[in-house]
Structure formats: structure tokens, C-alpha cells
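> this one's structure only:
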């Protein structure tokens, strides 16, 4: 699904030079980006990078100090009600009334929009909440609450869906289930704008990501292109008993280092051809291997490279 | 547009309130009990237009208890609003086409309904303390109480705007609202105050609410209390204007 030509797609969100400070703290520093129709766009970065503030400016919940934002051609601050009618929002760490029942929340939300809401019962069924429709919000598990918030974000059949740290605090199983749901939203033709500090989530879910740190957007691209751009290094790890192996490996073009510990060799080099070259070398010299794997860099490494520290720090 | 979602939100908030048993008992049952106990110990035939031996004006007990009802409603509003803000519920409701005024109006309506219901319960339960044959203008009295509640609710919004966390909401509200009784002319007649305290009384909405409630209970016409209604409306506008500037949604 990670295809599609960006040039032929229209931007549904345009953010240009957005700046927001709280007192002396700069939360968002001249952020500019576009989100295209029918893509999953991720704003990624550590906690406190300014992701939520940026998203809330786009949703019309906050007013930027300067800069312009257009969502579906609307000014999110001045035309906030018009905009809210056409978008779906899930907020970070939001709650509902403790004793509101699942069906009541869905019913209330369905009544708030001008457009006819989609069938709430079916939505609950699709999100696996049918048997919880009579449960109070406070008795739902973390995953169930997030699924309910997704339901509320989808009830008006929105054109753009905003998801802020959707899977934070969920166990891996619920997280995967939610990822499937988000992919499903895109398959229904919606645009998804999400924030996450989980690089795995961004890599698996997003068509394009913007890396944000200290309020600044450092770079924007497809995850695999960011990886290729900033972390071109490839690593092959293999086990062999062949005593001549090290010598052969060092002769492979663009290999930077060969480290040997026992019978395990770690070959590092640049370029996408490294793996092919290693395999070629193995077959040419009839080196017998008992294990072979490749290690690819990921967004986590890109982040480390760009900022000098891990996203978890 | 303003009305979209208002009735549904109001209805849901009423249901949610009734599902919280302690809150419902505190705001409904306790004032009714206070009314019954006070009526018994003062041993009054309420409505007789004379001063009782203990200094309570005869209409004092219904005025006191109904304002207790109103203040309980306001405290409950302050608590709910601050809990909703702290939990991000207000913010979540705002990230919809709902107008902010609609969200707050729903809570005002819930509290007015609650106040009316509690008053009805109080009047029913306390019927035997009414003077035999005397006519208590129940309907006018209810209207007077709703006007008072509506006015004091705006102080509630102001308190809800300034409390830092939900934990402080109830105590801070109580500290601000209950002492107003002392200067309201309910326990000590207004004319007996030294001039300085009279000024204090004049700038508190409760003073006007007390005068109106006592008067209406004793059979005054509305014409006699136009001034009180105006004062309460002015307080409402003033506090609402201030809250609108300082209210925090998150």
C-alpha cells in the first residue's frame, strides 16, 4: 500500500510556518508540512517534542502565534465548527464521563454532526465493542477505551482522522489490533494524521513521517527513504567455520568492517547491494555458512543519527 | 446550531448524576432532612408573618433550606466542571461541533432541574409544617429559587475557573459560598448590621436571594421584588462575563 504518487495527490492539510510558544518555552518552531489525501501521515518524535501542540493547532483547538494552517480548505481556528463537522479527533489522554455508557457516548456523538452519522451499532461491532455497549466508560480496559475513542472519531464519517498517541499504554496485542483498525480507516478512503513516539508504530503504519524534535521538523519523507538517506549502512551477520572467510569478506566492495567473534562474522558496509555482494562472495568461494541474517537500520537509528540521542532518552 | 446536542447532553448528564449515589444523596436528601429537622426544632408554623422567639423569621427556614439546595447545586457544578476539566472530558467535548456554551448550558439546566426537584421533595415532605389554611405560593417560590440558583451558578463557574485541581473544588466553593449566609440578613436582620457589614451584604447575591425568597414565601407580589431580581441578573451578567474571560477548558 505504500505507493501512490504524491504529486498527483492533493494536500488536505497544509501547515506553513506555524509557531507556538508557552511563556518562554517554544513548543512549535516554524513547522511546515503537508498531508496528502488518503495517506497515513505520522508526526514522530519524543515526548515533549511539540507533536500534540502542532496537531491541536491543526484541529483548531489551539491558536498558533503565527503561521497559516488550512485543513480541507478551512481555517481551523476561525472555521472551527465547520471543520469539526468534517474531521474526526482522538485526543491524547482524554477521558469521558466515568459513568457514561458506551452506547450513550456513541449516541451523543452521532447527534452532534450536521451530516447523518454512520450506524453506531455497526461501528461498535466493527471495533469489537458490541458486548460492551451497556458498560460504563470507567469499567472499560485501556484498549477498549481507545477503541471507543476511535469509534467516536469515526462516527461522522470524517474526511480526515486525527489520532494522537493512539496506542500509548496499550499491550502489544491491543496495539497490533489498533494498527489494523487504522489501516482499515485509510482503506475506507480517509486521510489519517497521527502522532507517535513509537518508531515501530510509525514504520509499520505510516506512508510518510515528519521527524520532530524541540518543536522543529527535521525531515519529512517515507520511512524507508529516511532510512536510506540517513542510515545507508547495512549489516550482515553469519556463522561459518571456514578459516579463509575473513579474507574473502574484506575484499567485497564497499565493506567497511569485518568483525569476527568465534565463528560469527559481522560484516558492515554501505549501499543496498551489500547483501547481494556477500551472497555472491559466499557462493564464489564455496564458503559454508550455518547461519545468515541481515540487520537493517530503522527509524530508531535515523532518529539517533539526526538528533544524537535515542528517542527513549 | 447552538441547540444541537443540548438536550441529549443534558439528558445524559442527568442520568450520569443519578448514577452517582453519594452525590445524589448529598444534594437532594440532606437539604430535605435539614428542612424537616429545622422546622421541627423551631417548632414553627411556617408562613406566619411574625418573628419566632429564636430570631428566625418565619419564612427563614424555607429560605435557608432552599438556598442550601441552590448552593449544593452550585458546589456540585463546581466539582463536576473541575473533574471534567482535569480528566480532559471538557476538551474531548470541545473537539466536536458542540459549542462551548452548549456544554456549559447543559450543566446549568441539569442543576436547575435538580434544584426544582429537590424543592418539590422538600415541600412535599414538610407539608405538615405549613400553616393550616395558609396559602404558600409554591409556584412563585420555585421560580424565585430558580432565579437565585441561576444567579449563584455564575459564581460557581467563576470558582470552577480558578480552582487549580478537582480536589480543591468542593472545599474552596464551600469556603466562598457558605459564609455569604452570615451577611445575607437571614440570621441577623439586615438593619441590625453595622454600616460596614451592610455594604458587604449588599455586594453579595445571596442577600437579594434571601430577601426575595422570604418575601415571596410570605405572599409578596413580584413587583415588590423587581429590585432583587434585577440585582441577581446583574450579578449573573457580571460573574458570567468574568468567567468567560478566565474560564479554562483544560
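Alright, I've got the coordinates. Everything numeric here is computed off the predicted structure, so don't read it as measured data.

> burial count for residue 86?
Looking at chain A here, since you left the chain open. Number of residues near residue A:86 (other Cβ atoms under 10 Å in any protein chain shown) recorded here: 18. Yep, even glycine has a C-beta here, placed from its N, CA and C like the rest.

> that answer is for a different chain, and I need it for chain B
Around residue B:86 there are 17 residues (other Cβ under 10 Å).

> can you list the residues of chain A near chain B?
Contacts of chain A with chain B, taken as Cβ under 8 Å from any Cβ of the partner chain, map to A:59, A:61, A:81, A:84-85, A:89, A:91, A:93-100, A:104, A:107-109, A:111-114, A:136.

> could you flag which of the residues you listed are buried?
For the residues of chain A next to chain B, a burial check counting by 16 or more other Cβ atoms under 10 Å in any protein chain shown picks out A:59, A:61, A:84-85, A:89, A:91, A:94-97, A:99-100, A:104, A:107-109, A:111-113, A:136.

> Those residues in strands, which ones?
Residues of those located in strands (DSSP state E): residue A:89.

> The residue nearest the centre of chain B: helix or strand, and which one exactly?
What sits nearest the mean C-alpha location of chain B, by Cα atoms, centre = their mean, is residue B:70, with 2.0 Å. If you go by DSSP states H and E, residue B:70 is part of helix B:60-86.

> What segments of chain A are strands?
Counting by DSSP E, the strands of chain A are A:11-22, A:25-36, A:40-44, A:66-71, A:87-90, A:160-164, A:191-196, A:208-213, A:216-221, A:233-240, A:255-261, A:264-270, A:289-295.

> Parallel or antiparallel, list what pairs with the first one.
For strand A:11-22, the paired strands and their directions (DSSP bridges) are strand A:25-36 (antiparallel), strand A:66-71 (antiparallel).

> And for the shortest one?
Using DSSP bridges, the strands paired with strand A:87-90 in its sheet are strand A:160-164 (parallel).

> near chain A at all, stretch B:10-29?
Yes. Stretch B:10-29 comes into contact with chain A (Cβ under 8 Å from any Cβ), by way of B:12, B:13, B:15, B:16, B:19, B:20.

> I figured the second one hits residue B:106, correct?
What that stands for is residue B:13. Yes. Applying Cβ atoms under 8 Å, one finds residue B:13 in contact with residue B:106, separated by 5.7 Å.

> Residue B:123 versus residue A:248, what's the distance?
Residue A:248 sits 99 Å away from residue B:123, taking Cβ to Cβ, to the nearest Å as the criterion.

> Ignore what I typed, I meant residue A:87.
For residue A:87 relative to residue B:123 (Cβ to Cβ), the value is 49 Å.

> Of all the strands paired with strand A:11-22, which one comes closest to residue B:63?
strand A:25-36 (51.3 Å; Cβ to Cβ).

> and residue B:234, what is it in contact with?
Not one residue lies near residue B:234 by Cβ atoms under 8 Å, 6 or more residues apart in numbering or on different chains.

> and what of residue A:10?
A:36, A:37.

> again, 10 Å this time
A:34, A:36, A:37, A:38 (Cβ atoms under 10 Å, 6 or more residues apart in numbering or on different chains).

> same question, residue A:293
Contacts of residue A:293 by Cβ under 10 Å, 6+ apart are A:235, A:236, A:237, A:238, A:239.
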